[in-house]
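Novice: predicted model and sequence below, questions to follow.
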Amino acid sequence: MINSDRKTARLALDESGLDRAAALLRRGCLVAFPTETVYGLGADATNEKAVASVYEAKGRPTFNPLIVHMSDRAMVSRYVDLSDRAVTLADRFWPGPLTLVCPRKAGSKLSELVSAGLPTVAVRIPAHGAARDLIRLADRPIAAPSANASGRLSPTEADHVLSSLDGRIDAILDGGACTVGLESTVIDVSDTEPMLLRAGGLPSEALEAALGQSIRSATEATDDTAAKSPGMLLKHYAPGLPLRLNAKTADAGEALIGFGPVAGDDTLSASGDLVEAASRLFRLLHRFDDPSRFSGIAVAPVPESGLGVAINDRLHRAERG
Ligand code: TXA
Ligand code: MG
């Protein structure tokens, strides 16, 4: 049972904060922590009960598997098998905003719940140094979905985490704003044919260049996609207010989020910089998702290239809410 009266400690990102957070994780507690992409809701990935409490705290459907965060390659190789393709991508992009879906190693001590019944595990080594320090201090892999209640926006600041999970988790390490601001790119490298399961902080063009081949996207694929990455099909990243995309002006009562030439009430990026836009996306959606001030949120067109693909993916999901 989740103890919804639990007090959520806000820990500074210093030596004593990291020590306390690591000790909590080792005891099976839930600790939110910053990564370069978004805040993660961390739990010991080898402790089934701790992993179960992640699903419970988030109110996440149990069939949506979690990403397991590792401090280094030695840790990764204890839990999953890396194909040649996986090694190529890991060498090139880890640590960083890339998640590799790999076969679970036989006899792996990882919780079964972490992969929600799939024979694969999604793993990544975050670029955020303090996140890796935390994993190293905890001395175990850390399962961490984005630190928001299920179906809510991904958090890029400590206050976003507390707005949906205060009292439902044991602690949060406050590391300020996340630099990338978009979740990691997820690619399945467990099969002969690599498949992009989620566009994210690393543009798929970079993956294609590294592998020297084009990569099929799960959104273009059919039948087996639902089984492969259930998260793709779920309601996700939804603000409470209705969203209207490709808007050049605001209708009555709407907030307008600008981009490039569309100024808006505030802008993803006045100069049309997609990296800046990605890092500000969730922050602006959070800020304008305020029914006491607005009746809806309009968003300016964002080009469908580079990080714009992931930004538009998040916006379309939010629109469908
Ligand atoms: O940037 C990120 O990836 C953040 C930070 C905290 O690292 N984490 C994150 O986790 O966004 P989450 O749980 O919100 O999203 C995980 C995604 C989901 O779409 C899920 O379905 C997919 O990865 N996934 C996880 N394990 C999988 C597996 N074994 N096979 C296929 N898809 C998997
Ligand atoms: Mg999420």
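Specialist: Arrived safely. Numbering: from 1, shown residues only. Ligands and ions are numbered 1, 2, ... in the order given.
Novice: contacting residues for residue 75?
Specialist: Residue 75 makes contact with 135, 141, according to CB atoms under 8 Å, 6 or more residues apart in numbering. Any C-beta I mention is one placed from the backbone N, CA and C, and that applies to glycine too.
Novice: in which helix or strand does it reside?
Specialist: In this structure, residue 75 sits in helix 73-79 according to DSSP states H and E.
Novice: and that helix, average pLDDT?
Specialist: Mean pLDDT, computed over helix 73-79, is 97.
Novice: okay, buried residues for that helix please.
Specialist: In terms of neighbour count (16 or more other CB atoms under 10 Å), helix 73-79 has its buried residues at 75-76, 79.
Novice: again, but for stretch 78-91
Specialist: In stretch 78-91, counting by 16+ other CB under 10 Å, buried: 79-83, 85-86, 88-90.
Novice: now stretch 271-285
Specialist: 272, 274-285.
Novice: can you map out the helices along the stretch 201-321 of the chain?
Specialist: For the stretch 201-321 of the chain, the helices defined by DSSP state H, counting those that start in this stretch cover 204-211, 225-228, 274-288, 307-320.
Novice: kindly export stretch 300-317 (C-alpha atoms) in CSV.
Specialist: Taking Å, rounded to 0.1, in the frame of the first residue of the first chain, the C-alpha atoms of stretch 300-317 are listed here in CSV:
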residue,chain,number,x,y,z
ALA,A,300,2.9,27.7,-33.0
PRO,A,301,4.1,25.4,-35.8
VAL,A,302,7.4,23.6,-35.1
PRO,A,303,9.3,22.1,-38.1
GLU,A,304,9.2,18.3,-38.4
SER,A,305,13.0,17.8,-38.5
GLY,A,306,15.7,16.9,-36.0
LEU,A,307,14.5,17.4,-32.4
GLY,A,308,11.3,18.9,-33.9
VAL,A,309,10.1,15.3,-34.6
ALA,A,310,10.1,14.5,-30.9
ILE,A,311,8.7,17.9,-29.9
ASN,A,312,5.8,17.4,-32.4
ASP,A,313,5.3,13.8,-31.1
ARG,A,314,4.9,15.1,-27.6
LEU,A,315,2.5,17.8,-28.8
HIS,A,316,0.3,15.4,-30.7
ARG,A,317,0.1,13.1,-27.7
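Novice: what's next to it, contact-wise?
Specialist: For stretch 300-317, contacts defined as CB under 8 Å, 6+ apart pick out 182, 185, 198-201, 203-205, 235-238, 243, 245-248, 256-260, 262, 264, 267-268, 272, 274-275, 277-278, 281-282, 299.
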